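S.K.: Quick one, structure for this:
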Amino acid sequence: MMKELIDFAKSYGIEVLFKSFKSSADGLMVGTDDGGFIIALSDKLTGRKAEEILAHEIAHVYLHKDKGNTIESPMHKDYEEQADRAANMLLDFMDYIIKAPAPTKAQGATKTNFSIAD
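M.R.: Below you'll find the predicted structure:
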């Protein structure tokens, strides 16, 4: 699922890097001068842990992009809990998308025949 998460991030202009960190951090998200975002993950992460950290950082972009330095904020603990919950939802959704077969036209899954009134 890591490839799908990276592709998802890239589709929203988020650059994902794997770096060696001097600290014990597993990942971080920073804004760029041009309004974009970079997520850096520890190059020591593998498997599901790497996916969880990437999903967590993607959640920070979505939830906290306008909050400034969330690490120094008095709301830091709340922001981390919010990102954890959103990351879990994102991972569940990605698992579902990857495992579920795509609906067919025979099942009524066309863009042209859908309306709110249906």
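
S.K.: In the helix or strand where Leu17 lies, which residues are buried?
M.R.: In this structure, Leu17 sits in strand 14-19 according to DSSP states H and E. Residues of strand 14-19 classed as buried: Ile14, Val16 (neighbour count, 16 or more other Cβ atoms under 10 Å). From N, CA and C alone the C-beta is placed, and that goes for glycine too.

S.K.: likewise stretch 81-100?
M.R.: Quick answer for stretch 81-100 (16+ other Cβ under 10 Å): Gln82, Ala83, Ala86, Ala87, Leu90, Leu91, Met94.

S.K.: sorry, back to before: from the contact counts, what lies against the helix or strand following the strand holding Leu17?
M.R.: Heading C-terminal from strand 14-19, the first helix or strand you meet, by DSSP H and E, is strand 27-31. The contact analysis (3 or more Cβ pairs under 8 Å, 6 or more residues apart in numbering; DSSP states H and E) places strand 27-31 against strand 37-42, helix 47-64.

S.K.: out of those, nearest to Glu15?
M.R.: Closest to Glu15 of these, according to Cβ to Cβ: strand 37-42, at 4.7 Å.

S.K.: Output the contacting helices and strands for that closest one.
M.R.: Using 3+ Cβ pairs under 8 Å, 6+ apart, strand 37-42 sits against strand 14-19, strand 27-31, helix 47-64.

S.K.: mind listing what it pairs with, with the direction of each?
M.R.: strand 14-19 (parallel), strand 27-31 (antiparallel) (DSSP bridges).

S.K.: relative to helix 47-64, how tilted is the shortest one?
M.R.: Using axes from the mean of the first three to the mean of the last three Cα atoms, to 10 degrees, the direction of strand 27-31 lies 30 degrees away from that of helix 47-64.
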